[in-house]
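> have a look; sequence and predicted model below, questions after that.
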Amino acid sequence: MGSECRILAPFLFLNPMNVLRINTLSKTYFSGFRKKIQALKTINLTVEKDEIFGFLGPNGAGKTTTLKIITGLLKPTSGAVTIFDKPLSNVSIREKIGFLPEHPSYYNHLTGFELLDFAGGLFGISTKEKKKRIEHLLNIVGLVNAQITRVSDYSKGMVQRLAIAQALINNPELVILDEPLSGLDPIGRKEIKDIILSLKEDGKTVFFSTHILADVERLCDKVGILHKGKLLKIGTLSELLIDRKRKVNITFEFSGNRKLPILTEAKHTAEGYWNIIVERDKQEETMRALLREGANIISIIPETMTLEDFFVAEIARDEA
């Protein structure tokens, strides 16, 4: 993959806010003999310009259903979606959206170049401009050397890279990605994350679903956590992880013969060395007690909450 990860210059639009707005969105499926399955339950969220929004949730949470409604592939049972302050029924907004489905599947007899040429043709892009965009996109997704290879001979990771190029062929303002890092090796994941960040730098808005939480902390300005069709939390990482330094890990040295009461709460790590984890508001009290008994404090390290910790805790709370 080339070092150049910048995407084509963005289009301009009048209202810089409310790129995507979801209002009281619900979706109910029927299975078997009129059995109702409520995939989405009154979802509300807003995505603003230049924002990378991470839509998180375990498998079956309703992420793909939401993305399919946003792109017009499914109709909601109730509620509404507006993109650039226009309803989904307004066909003109489609040319401003790029979409990567969860399981991309293409005509196997086409080469990578031909597939992108076909996709560009759907948007009425001129031959000259289309060729320029294809060459640029093949370079940034690392498929220049495979552009004349048939899709049937592509690996899963190569198909994923091609799908990302296809999602960008129309130079969209809003890029919607369903599990964009799926099927990629560590190097490929890093390169695609760089592309996502470059989209924001170029003034584009990215809305993507994933369950790979470690990647979200690097990429996202805002996240929403979906579970069983319900939006449990939404906010910036700093808002959600405001209590991330809620505990401290105190390492201390104590080699006396007396058995201190506090040692029952501490973990013996080596001869004469101990660790104890306490709530932040108990830090000073614990340190005074240790010093009073002759302990030597070695280090005080905050125990940080990761997005994964927060995510697991929210899912567990909703399950309870």
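In hand now; what should we look at?

> so the residue positioned nearest the centre of the chain bridges to which residues?
With distances taken as C-alpha atoms, centre = their mean, the chain has Gly54 as the residue nearest its mean C-alpha position (3.5 Å). Note on Gly54: beta-bridge partners Phe208, Val223, judged by DSSP bridges.

> please report how far it lies from Arg133.
27 Å (C-beta to C-beta, to the nearest Å). In this view, the C-beta of every residue, glycine as well, is placed from N, C-alpha and C.

> can you check Leu241 too?
39 Å.

> more neighbours: these two, which one.
Arg133 (22 against 18; other C-beta atoms under 10 Å).

> got a list of what the more buried one touches?
8, 116, 120, 125, 169, 171 (C-beta atoms under 8 Å, 6 or more residues apart in numbering).

> any idea how many residues pack against the last one?
Number of residues near Asn171 (other C-beta under 10 Å) recorded here: 20.

> just say helix, strand or coil for it.
In three-state terms, and counting by DSSP: H, G, I helix; E, B strand; the rest coil, Asn171 is coil.

> the strands in the stretch 1-150 of the chain, which residues?
Using DSSP state E, counting those that start in this stretch, the strands of the stretch 1-150 of the chain run over 20-31, 35-47, 52-56, 78-83, 86-87, 97-100.

> packing partners of the third one?
Judged by 3 or more C-beta pairs under 8 Å, 6 or more residues apart in numbering; DSSP states H and E, the packing partners of strand 52-56 are helix 63-70, helix 186-201, strand 205-210, helix 213-219, strand 222-227.

> ranking those by mean pLDDT, which is last?
Mean pLDDT per stretch puts helix 213-219 lowest among the helices and strands packed on strand 52-56, at a mean of 84.

> for that one, buried residues please.
Buried residues in helix 213-219, counting neighbours by 16 or more other C-beta atoms under 10 Å, are found at 213, 215-216, 219.

> would you convert those residues into TSV that also reports distance to Ile298?
TSV is the format used below for those (distance: C-beta to C-beta, whole Å):
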residue	distance to Ile298
Leu213	32
Asp215	34
Val216	34
Leu219	36
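
> quick one on the thing from earlier: looking at the helices and strands packed on strand 52-56, which is nearest to Lys282?
helix 213-219 (27.6 Å; C-beta to C-beta).

> what does that closest one contact?
In contact with helix 213-219 (C-beta under 8 Å, 6+ apart) are residues 52, 54, 56, 181, 189, 193, 196-197, 210, 223, 237, 306-308, 311.

> got a PyMOL select line for the buried ones in the residues you listed?
Those of the contacts of helix 213-219 that count as buried under 16+ other C-beta under 10 Å are selected in PyMOL with:
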select buried, resi 52+54+56+181+189+193+196+210+223+237+307+311
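
> among the contacts of helix 213-219, which pair sits farthest apart?
Leu197 and Phe311, at 21.5 Å, using C-beta to C-beta across these.

> ok, so what distance separates the spatially closest residue to Asp178 that is not a sequence neighbour from Leu20?
Spatial nearest neighbour of Asp178, chain neighbours left out: Glu102 (4.1 Å); criterion: C-beta to C-beta, 6 or more residues apart in numbering. Going from Glu102 to Leu20 by C-beta to C-beta gives 18 Å.
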